[in-house]
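# based on what follows, work out the 3D shape:
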Amino acid sequence: MENKMNINGIEYVLAGDYYIPDLKLSNEERPIEKYGRMHRDYLKEHHPMRFNHLVLEGQLWTYLADRNEQAQNRLQLLIGQMQETEAVTDELKKNDQMAWVRAMNSIHNRAEEIILRELIYGEDVA
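Residues are numbered from 1 along each chain as shown. Model prediction:
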């Protein structure tokens, strides 16, 4: 008797009287970090079908690591652009450190809000 079967591209193995999905972990070694974890929680809560599909296909970790890298890269790009636009320079840092810190905190918070809306919690996500 066959101990394995394949349905819809998912391989199942016989365990006792039941067939269960033969899930394999990906070889992904990149961390998912802050934004990947936030997006994972969002998918679990608001898009469980997408989340389950990624788990069953063994692609969840890679997908989350990619999403985290995209968010980090976009965050750095936005911060750089906002710094340039708002003239938050090293000169300001030398002359008035507290003003520089306030400006950088403001820039970081606004850039992160954009990242969260577009890449982590956006309705067009998934």
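
# tell me where the chain has helices.
Taking DSSP state H as the criterion, the chain contains helices spanning 33-46, 48-57, 60-85, 90-95, 97-115.

# with respect to Leu14, which of these lies nearest?
For these, the distance to Leu14 is smallest for helix 48-57, at 17.9 Å, taking CB to CB. Where you see a C-beta, it was placed from the backbone N, CA and C, and this is true even at glycine.

# buried residues in the closest one?
If you call a residue buried by 16 or more other CB atoms under 10 Å, then helix 48-57 has these buried ones: Phe51, Leu54.

# what helices or strands is it leaning on?
helix 33-46, helix 60-85 (3 or more CB pairs under 8 Å, 6 or more residues apart in numbering; DSSP states H and E).

# on that earlier part again, turn the helices of the chain into JSON lines, columns for mean pLDDT and distance to Pro21.
Formatted as JSON lines, the helices of the chain follow (pLDDT from 0 to 100; distance: least, CB to CB, whole Å):
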{"stretch": "helix 33-46", "mean pLDDT": "95", "distance to Pro21": "18"}
{"stretch": "helix 48-57", "mean pLDDT": "91", "distance to Pro21": "6"}
{"stretch": "helix 60-85", "mean pLDDT": "96", "distance to Pro21": "14"}
{"stretch": "helix 90-95", "mean pLDDT": "95", "distance to Pro21": "54"}
{"stretch": "helix 97-115", "mean pLDDT": "97", "distance to Pro21": "33"}
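
# is it possible to export the helices and strands packed on helix 48-57 to TSV including mean neighbour count and distance to His108?
As requested, those are exported to TSV (neighbours: other CB atoms under 10 Å; distance: least, CB to CB, whole Å):
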stretch	mean neighbour count	distance to His108
helix 33-46	17	13
helix 60-85	17	6
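
# check contacts around the residue nearest to Leu60 when sequence neighbours are not counted.
Leaving aside its sequence neighbours, Leu60 sits nearest to Leu54 (CB to CB, 6 or more residues apart in numbering; 4.1 Å). Neighbouring residues of Leu54 by CB atoms under 8 Å, 6 or more residues apart in numbering: Leu43, Leu60, Tyr63.
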